[in-house]
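Visitor: Sequence and computational prediction follow.
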Amino acid sequence: MISEVRLNQTLVLLLVAVPLFGLIVDQPYLVTLATRVAILGMAGVGLNLALGYGGLVSFGHAAYFGAGGYVAGILAHHALNVEPIADWPILISGTTEMLIIWPLAMLFGAALAVAIGALSLRTSGVYFIMITLAFAQMLFYFAISWPSYGGEDGLPIYVRNRFPGLNTFDPLTFFCICLALLMLVLWVTSRVVGSRFGLALQAARQNAERTTSVGIDIFRIRLTAFALSGAMTALAGALYADLNRFVSPSMLSWHTSGEIMILVILGGVTRLYGPVAGAGCFVLLEQFLGGLTEHWQFWLGLMLVGVVLFAKGGIVGLLTRRPADA
């Protein structure tokens, strides 16, 4: 068994090695697979901040993932279409600059998380789960019934948004951008978790009554963590829309929320790099088992059951032999 730090370093090296190997053997699809792992891992890191460290079992994180995607898609759509939309009263100039789209996506994701969290955090347990799911489904059906931006057919972007000085159409360049943002999100998460705020958040997860008794406002702590989580997940959604050059209501569906949660559970709840490991496992199963059978999710389900029953620390916990946190 290896230490968790060494395992984290190995995960990053593997993530970098896969696209390089793909270019060497002339298999560019491997670069796209590695990019998907980086983006989905980022979404999982966002959820892990709320679920793992905050104990907030949100089944509606697709709301922020899809919101980030739609921010990127709508801004690019308006930048490429100068004619105003008939039934849209607000004039949006639009942009294809990533450095503008990313902060706007994160800001919108955080604001949406604050609005949802302000209501859902007043509940707990299964009620919290169902309220977060209900809000995500509301946004899903709103996107379906919004013909101005594609409705249920989705919204094609046609181009990849731009980053100053880089050719974002180059798969390896775009992967490097996603990897750099993933590492930044992981660093921010580690700093948050290790701060007094992070300790208070974890204390509220372990014993809310005792944490409140020492004068800590757990509602404010949890709402802040929920907003940070939403911002990170929205950033991943914006990158995912750029990767596919397409955004659709499926990004807002409960299936997407379930997939993001699966990444966290597979990799390891409360493990910093757990969602990255879970994303890698998920994409590998989808790619290789999906080519053999359309029922590849059956094997994913078996693996998930095995992790829940026998390796509650997920893949990272199993390989490092560190038991799951209480």
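Guide: All right, it came through fine.
Visitor: How far off centre is the helix ranked longest in the chain?
Guide: Using DSSP state H to define each element, the chain has its longest helix at helix 218-244. Computed by C-alpha atoms, centre = their mean, to the nearest Å, the separation of helix 218-244 from the middle of its chain amounts to 7 Å.
Visitor: Going toward the C-terminus from that helix, what's the next helix or strand?
Guide: Using DSSP states H and E, the helix or strand that follows helix 218-244 towards the C-terminus is strand 246-247.
Visitor: what's that next one packed up against?
Guide: Applying 3 or more C-beta pairs under 8 Å, 6 or more residues apart in numbering; DSSP states H and E, one finds that strand 246-247 contacts helix 62-80, strand 155-156. Heads up, the C-betas are built off the backbone N, CA and C, glycines and all.
Visitor: Deepest in the core, which of these is it.
Guide: Comparing those by mean neighbour count (mean count of other C-beta atoms under 10 Å), helix 62-80 comes out on top with a mean of 27.
Visitor: right, and the helices and strands packed on strand 246-247 - which one's nearest residue 230?
Guide: helix 62-80 (4.2 Å; C-beta to C-beta).
Visitor: any idea of the angle that closest one forms with helix 218-244?
Guide: Helix 62-80 runs at 50 degrees relative to helix 218-244, counting by axes from the mean of the first three to the mean of the last three C-alpha atoms, to 10 degrees.
Visitor: CSV for the helices and strands packed on strand 246-247, including mean pLDDT and distance to residue 20?
Guide: Below are the helices and strands packed on strand 246-247 laid out as CSV (pLDDT from 0 to 100; distance: least, C-beta to C-beta, whole Å):
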stretch, mean pLDDT, distance to residue 20
helix 62-80, 92, 27
strand 155-156, 90, 30
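Visitor: Can you add distance to residue 36 and give those back as TSV?
Guide: Converted to TSV, the helices and strands packed on strand 246-247 look like this (distance: least, C-beta to C-beta, whole Å):
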stretch	distance to residue 36
helix 62-80	13
strand 155-156	19
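Visitor: re earlier: how about the longest helix of the chain: buried residues?
Guide: 218, 221-244 (16 or more other C-beta atoms under 10 Å).
Visitor: mind checking which of the helices and strands packed on strand 246-247 is nearest residue 280?
Guide: The nearest among those, by C-beta to C-beta, is helix 62-80 at 18.3 Å.
Visitor: can you list contacts of stretch 33-44?
Guide: Stretch 33-44 is contacted from outside by 15, 18-19, 22, 61, 65, 171, 174-175, 178-179, 181-182, 185, 232-233, 235-237, 239-240, 243, 259-260, 263-264, 267, 274-276, 278-280, 282-283, 287, using C-beta atoms under 8 Å, 6 or more residues apart in numbering.
Visitor: any idea how far that stretch is from the chain center?
Guide: 8 Å.
Visitor: Quickly find the element holding the residue nearest the centre of the chain.
Guide: The centroid of the chain falls nearest to residue 43 when counting by C-alpha atoms, centre = their mean (1.2 Å). Assessed by DSSP H and E, residue 43 sits inside helix 29-51.
Visitor: Just the CA trace of that helix, in PDB.
Guide: Written as PDB, here are the backbone C-alpha positions of helix 29-51 (Å, rounded to 0.1, in the frame of the first residue of the first chain):
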ATOM      1  CA  TYR A  29      -9.500  10.100 -28.800                       C
ATOM      2  CA  LEU A  30      -7.400   9.300 -25.700                       C
ATOM      3  CA  VAL A  31      -6.800  13.100 -25.300                       C
ATOM      4  CA  THR A  32     -10.500  13.600 -25.300                       C
ATOM      5  CA  LEU A  33     -11.000  10.900 -22.700                       C
ATOM      6  CA  ALA A  34      -8.400  12.400 -20.400                       C
ATOM      7  CA  THR A  35     -10.100  15.800 -20.900                       C
ATOM      8  CA  ARG A  36     -13.400  14.300 -19.800                       C
ATOM      9  CA  VAL A  37     -11.800  12.800 -16.700                       C
ATOM     10  CA  ALA A  38     -10.400  16.200 -15.800                       C
ATOM     11  CA  ILE A  39     -13.700  18.000 -16.300                       C
ATOM     12  CA  LEU A  40     -15.800  15.400 -14.500                       C
ATOM     13  CA  GLY A  41     -13.300  15.100 -11.800                       C
ATOM     14  CA  MET A  42     -13.600  18.900 -11.300                       C
ATOM     15  CA  ALA A  43     -17.400  18.500 -11.000                       C
ATOM     16  CA  GLY A  44     -16.800  15.700  -8.400                       C
ATOM     17  CA  VAL A  45     -14.400  17.900  -6.400                       C
ATOM     18  CA  GLY A  46     -17.100  20.500  -6.200                       C
ATOM     19  CA  LEU A  47     -19.700  18.000  -5.000                       C
ATOM     20  CA  ASN A  48     -17.200  16.500  -2.600                       C
ATOM     21  CA  LEU A  49     -16.800  19.800  -0.800                       C
ATOM     22  CA  ALA A  50     -20.500  19.800   0.100                       C
ATOM     23  CA  LEU A  51     -21.100  16.000   0.300                       C
END
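Visitor: got the buried residues for it?
Guide: Within helix 29-51, judged by 16+ other C-beta under 10 Å, the buried ones are 30-51.
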